[in-house]
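Engineer: turn this into a model:
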Amino acid sequence: MSQVNDSDHSKLPLRAIPGSYGIPFFGAIKDRLDFYYNQGPDKFLKTRLEKHKSTIFRTNMPPGPFMAPNPRVVTVLDAVSFPILFDTSKVEKRNILDGTYMPSTKLFGGYRVCAFLDPSEPTHTAAKQFALSFVASRHNSVIPIFRSCTNDLLGQLEDDVALGKVPTNNFNTHSDKMSFDFVVRLFSDDDIPSKQTNLGSDGSKLFDKWLLFQLAPLMTLGLKFIPNFVEDLLLHTFRLPPFLVKSDYQKLYDAFYSSAKSVLDQGEKLGLSREEACHNHVFLAGFSSYGGMKVLFPIIIKWVGLAGKGLHRRLADEIRGVVKSEGGVTFSALEKMSLTKSVVYEALRIEPPVPYQYAKAKEDIVINNHEARFEIKKGEIIFGYQPFATKDSKIFVNPEEFMADRFVGEEGEKLLKYVYWSNGRETEEPTAGNKQCAGKYLVILLSRLILVDLFLRYDTFTVDVGTILLGPAVTVKSLTKATSY
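Structural biologist: Residues are numbered from 1 along each chain as shown. Okay, here's the model as predicted:
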């Protein structure tokens, strides 16, 4: 048995993990209904945390039977225990990206792509190196391609505002199209806009449908005309048949197979077959990149928009001043924007794009929270809900509040080790031997860039915020053009 946390916690009392799984089979069904319909994820976890007076406890995690034969998990909800999910010397990440549920490999051409592999598996190193090498190879292309795409996005938002009647969720709609265009241009050998490919300008819908078939067991549609028990039966009991999305996925696969020849050549050099490399490339493009941006950009615009004119003025002053002194939007310039960087980290802290993370204990281990130690047995599944861990009141002051300058300065930077959005600490590096997001630095870069282009062009803006299937629904209501740049 190994002690995971440092020696400072070795004197904490050893406590049995509280909680139970209820009656076999029926307990999992009850927890699923509570999680999705009766309480919702936050209330579901908060009520159990308060009941057991512990951030570590046992419960069932959806979707449960019949789709996930073993829905039983040990839940970790604080900043101290959460990093056990990243320690691949102690935990296994095989087939556990989506939790107790594993999508059909038919959605990925019959392959278990990198995200479902544990670092101990032989193919993982080649697949992760393939992703890392691709991201590195596009380093110099990212800024010009993305700024071209955001220029189109902001132009479309301006047109909406000019019409006088702003479409609901207009940011999400335009952002999805922009994100898809960026992914197609970046992930192909040549910078060709998506509308000039055989995927067309509506190609984002192909990714959307494919993502739905992967994630349906983990979501609710929220349609009032469908009774909860009917939706639960349709989404959480049986897999949506992969053949219904096969032709859509084939279009995506064929497009990248023909447009990313040099990328796939590199995959073969690293030991992957060309076919397996392409399926990994599609997953990186569609799930990790497009799917991630689909949630990430609305989160950033939501929190910055709601923060109001005071923050907008500070961001505009910083961004415009640095760009002017540096002679343009460069990597060097972005690194000097301390407030802009902090705003991005704070958005990722307060509303992480991927809230759920899972792992399976490789051996008997002992973890701890702030108050006690707990033993987890080999083979047990560990579930972490990141929005609670990154709002740990023992780590963050006013954790429920969006504080734009939380990560500014030396003291602020010390808190970065508690930012976990990338499946690892913000202070750690993605490598072929871990499961941290291969595009970690790309995500941070794009998040800063969208704010840079926004505040180079506008002094302030207003938003309305709601919810949709994946993340917040954001409507940009007004845009005030820059007066001093």
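
Engineer: CA only for contacts and neighbour counts going forward, please
Structural biologist: Fine.

Engineer: flag the shaky bits of the stretch 151-300 of the chain, pLDDT-wise.
Structural biologist: Across the stretch 151-300 of the chain, the ranges flagged by pLDDT under 70 are 193-196, 201.

Engineer: show me where it has helices.
Structural biologist: In the stretch 151-300 of the chain, the helices defined using DSSP state H, counting those that start in this stretch lie at 170-187, 204-215, 228-236, 246-259, 261-269, 274-283, 292-307.

Engineer: ditto for the stretch 351-485 of the chain
Structural biologist: Assigned by DSSP H, counting those that start in this stretch, the helices in the stretch 351-485 of the chain fall at 386-389, 409-414, 440-457.

Engineer: nearest to Met61, out of the ones you listed?
Structural biologist: Set against Met61 and scored by C-alpha to C-alpha, these come closest in helix 386-389, at 14.6 Å.

Engineer: what helices or strands is that closest one leaning on?
Structural biologist: Of the remaining helices and strands, none touches helix 386-389 by 3 or more C-alpha pairs under 8 Å, 6 or more residues apart in numbering; DSSP states H and E.

Engineer: tell me the average confidence for it?
Structural biologist: What helix 386-389 shows for mean pLDDT is 98.

Engineer: state the pLDDT value of Gln467.
Structural biologist: Residue 467: Thr, not Gln. pLDDT recorded at Thr467 is 87.

Engineer: distance of it from Ile299?
Structural biologist: Applying C-alpha to C-alpha, to the nearest Å, the value for Thr467 to Ile299 is 11 Å.

Engineer: quick one: which of these two has more around it?
Structural biologist: Using other C-alpha atoms under 10 Å as the criterion, Thr467 and Ile299 rank with Ile299 on top: 24 against 11.

Engineer: not counting its neighbours along the chain, what's nearest that one?
Structural biologist: Pro472 (6.3 Å; C-alpha to C-alpha, 6 or more residues apart in numbering).

Engineer: which one, of the helices of the stretch 151-300 of the chain, ends up nearest to Glu413?
Structural biologist: helix 292-307 (19.6 Å).

Engineer: other SSEs contacting that closest one?
Structural biologist: Applying 3+ C-alpha pairs under 8 Å, 6+ apart, one finds that helix 292-307 contacts helix 170-187, helix 338-350, helix 440-457, strand 458-467, strand 472-481.

Engineer: redo that, cut-off 10 Å
Structural biologist: helix 170-187, helix 309-326, helix 338-350, helix 440-457, strand 458-467, strand 472-481 (3 or more C-alpha pairs under 10 Å, 6 or more residues apart in numbering; DSSP states H and E).

Engineer: now do the buried residues in the fourth one.
Structural biologist: The reference is to helix 440-457. 440-443, 445-457 (16 or more other C-alpha atoms under 10 Å).

Engineer: what do you get for the fifth one?
Structural biologist: For strand 458-467, the buried set under the neighbour-count rule, 16+ other C-alpha under 10 Å, comprises 458-463, 465.

Engineer: also the second one?
Structural biologist: The neighbour-count criterion (16+ other C-alpha under 10 Å) identifies 311-312, 315-320, 322-323 as the buried residues of helix 309-326.

Engineer: closest to Phe171 among these?
Structural biologist: The nearest member of those to Phe171, counting by C-alpha to C-alpha, is His312 at 17.9 Å.

Engineer: against Leu449, how distant is the closest one?
Structural biologist: Plainly put, His312 is 15 Å away from Leu449 if you go by C-alpha to C-alpha.

Engineer: so what's Val166 closest to, chain neighbours aside?
Structural biologist: Asp160 (5.4 Å).

Engineer: now for that neighbour, how many residues are close by?
Structural biologist: Neighbours of Asp160 using other C-alpha under 10 Å come to 18.

Engineer: that one reaches Thr173, doesn't it?
Structural biologist: No: if you go by C-alpha atoms under 10 Å, Asp160 and Thr173 don't touch, sitting 11.5 Å apart.

Engineer: coming back round to it: where do the contact lists of Thr467 and Ile299 overlap?
Structural biologist: Counting by C-alpha atoms under 10 Å, 6 or more residues apart in numbering, the shared contacts of Thr467 and Ile299 are 473-474.

Engineer: what about Ala126, neighbour count?
Structural biologist: With other C-alpha under 10 Å as criterion, Ala126 counts 19.

Engineer: please apply the same query to Asp254.
Structural biologist: Using other C-alpha under 10 Å as the criterion, the residues surrounding Asp254 number 14.

Engineer: gap between it and Ala260?
Structural biologist: Asp254 is 10 Å from Ala260, by C-alpha to C-alpha.

Engineer: again, but for Asp459
Structural biologist: Asp459 is 39 Å from Ala260, by C-alpha to C-alpha.

Engineer: for stretch 385-402, buried residues please.
Structural biologist: Using 16+ other C-alpha under 10 Å as the test for burial, stretch 385-402 gives 385-392, 399, 402.

Engineer: please disregard the earlier target; I meant stretch 422-439.
Structural biologist: 422-426, 430, 432, 434-439.

Engineer: compute the first-to-last residue distance for it.
Structural biologist: 9 Å.

Engineer: chain center to stretch 354-363, what's the gap?
Structural biologist: Per C-alpha atoms, centre = their mean, to the nearest Å, the displacement of stretch 354-363 from the mean C-alpha position of its chain is 15 Å.

Engineer: picking up where we left off before, got TSV for the helices of the stretch 351-485 of the chain, with distance to Arg274 too?
Structural biologist: Below are the helices of the stretch 351-485 of the chain laid out as TSV (distance: least, C-alpha to C-alpha, whole Å):
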stretch	distance to Arg274
helix 386-389	36
helix 409-414	42
helix 440-457	25
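
Engineer: quick one: closest of those to Ala126.
Structural biologist: Across the helices of the stretch 351-485 of the chain, Ala126 has its closest neighbour in helix 440-457 (18.3 Å, C-alpha to C-alpha).

Engineer: pLDDT (mean, whole number) over the closest one?
Structural biologist: pLDDT averaged over helix 440-457 gives 97.

Engineer: who are the packing partners of it?
Structural biologist: So helix 440-457, by 3+ C-alpha pairs under 10 Å, 6+ apart, packs with helix 122-137, helix 142-163, helix 292-307, helix 309-326, helix 331-335, helix 338-350, strand 458-467, strand 472-481.

Engineer: please identify which of those is closest to Thr237.
Structural biologist: Across the helices and strands packed on helix 440-457, Thr237 has its closest neighbour in strand 458-467 (24.2 Å, C-alpha to C-alpha).

Engineer: that closest one pairs with which strands, parallel or anti?
Structural biologist: According to DSSP bridges, strand 458-467 forms sheet pairs with strand 472-481 (antiparallel).

Engineer: quick check: buried residues in the partner strand?
Structural biologist: Residues 472-479, 481 are the ones in strand 472-481 that count as buried (16+ other C-alpha under 10 Å).

Engineer: who touches stretch 142-156?
Structural biologist: 135, 158, 160, 162, 170-171, 173-183, 185-186, 191, 193, 329-331, 442, 445-446, 449-454, 457-458, 479.

Engineer: one more time with 7 Å, if that's ok
Structural biologist: Stretch 142-156 has contacts (C-alpha atoms under 7 Å, 6 or more residues apart in numbering) with 174-175, 178, 182, 450.

Engineer: CA-only coordinates of that stretch in CSV, if you can.
Structural biologist: Output of stretch 142-156 as CSV, limited to C-alpha atoms (Å, rounded to 0.1, in the frame of the first residue of the first chain):
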residue,chain,number,x,y,z
VAL,A,142,-1.7,29.3,-35.0
ILE,A,143,-1.7,33.1,-34.5
PRO,A,144,-2.3,34.1,-38.1
ILE,A,145,-4.9,31.4,-38.8
PHE,A,146,-6.8,32.0,-35.6
ARG,A,147,-6.9,35.8,-35.9
SER,A,148,-8.3,35.4,-39.4
CYS,A,149,-11.0,33.2,-38.0
THR,A,150,-11.8,35.5,-35.1
ASN,A,151,-12.0,38.4,-37.5
ASP,A,152,-14.9,36.6,-39.2
LEU,A,153,-16.5,35.7,-35.9
LEU,A,154,-16.5,39.3,-34.6
GLY,A,155,-17.8,40.6,-38.0
GLN,A,156,-20.7,38.2,-37.7
